[in-house]
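Asks: Mind folding the following:
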Amino acid sequence: VQLVESGGGLVQPGGSLRLSCTASGFTFSSYAMSWYRQAPGKERELVATISSAGGSTNIADSVKGRFTISRDSTKNTVYLQMNSLKPEDTAVYYCNARRLSRPRGDYWGQGTQVTVSS
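Replies: Alright, predicted model coming up:
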């Protein structure tokens, strides 16, 4: 099982980034996908979740209206589009795949750094 994130980097306040997470080794379409983030000295925070079929999303209040989550099952990839970035969005962003019904699964990517700074 692998979750490989990409797309992080350094961006100025007000800028945009799109993170990608490509999955392999499990049935992507059976898993809800989420993005979490963790800033230095802070707990890991759930940012956004999309259902296995892609019909339902949940976005944290802290990023609502600025971030969107989507998935492409033909590419086994989930995306996080981040607009109007703020310095407080600086964190390591992690991709998560989770299936609560049996057979259960809970997988994590290695993380990608996003730094918002002028």
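Asks: in the sheet, who's paired with the spatially most central residue of the chain?
Replies: With distances taken as CA atoms, centre = their mean, residue 35 lies nearest the centre of the chain, 2.6 Å away. When assigned by DSSP bridges, residue 35 has beta-bridge partners residue 48, residue 95.
Asks: show me what contacts it?
Replies: Residues near residue 35 by CB atoms under 8 Å, 6 or more residues apart in numbering: 19, 21, 46-49, 69, 78, 80, 93-96. Where C-beta positions appear, they are placed from N, C-alpha and C, glycine not excepted.
Asks: Just the buried subset of these, please.
Replies: Neighbour counting over the contacts of residue 35 (16 or more other CB atoms under 10 Å) leaves 19, 21, 47, 48, 49, 69, 78, 80, 93, 94, 95, 96 as the buried ones.
Asks: Going along the chain, name the strands of the chain.
Replies: Remark: strands assigned in the chain by DSSP state E are 2-6, 9-11, 17-24, 32-38, 45-50, 57-59, 67-72, 77-82, 91-99, 105-108, 112-116.
Asks: now these in TSV, with mean pLDDT?
Replies: Converted to TSV, these look like this (pLDDT from 0 to 100):
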stretch	mean pLDDT
strand 2-6	96
strand 9-11	98
strand 17-24	98
strand 32-38	98
strand 45-50	98
strand 57-59	97
strand 67-72	97
strand 77-82	98
strand 91-99	97
strand 105-108	96
strand 112-116	98
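Asks: returning to what we had before: nearest to residue 29 among the contacts of residue 35?
Replies: Closest approach between the contacts of residue 35 and residue 29, by CB to CB: residue 78, at 11.5 Å.
Asks: quick one: that closest one and residue 93 touch, right?
Replies: No. With contact defined as CB atoms under 8 Å, residue 78 and residue 93 do not form a contacting pair (11.6 Å).
Asks: Mind picking the one among the contacts of residue 35 that's closest to residue 116?
Replies: Minimum distance to residue 116 across these is 11.7 Å, recorded for residue 93 (CB to CB).
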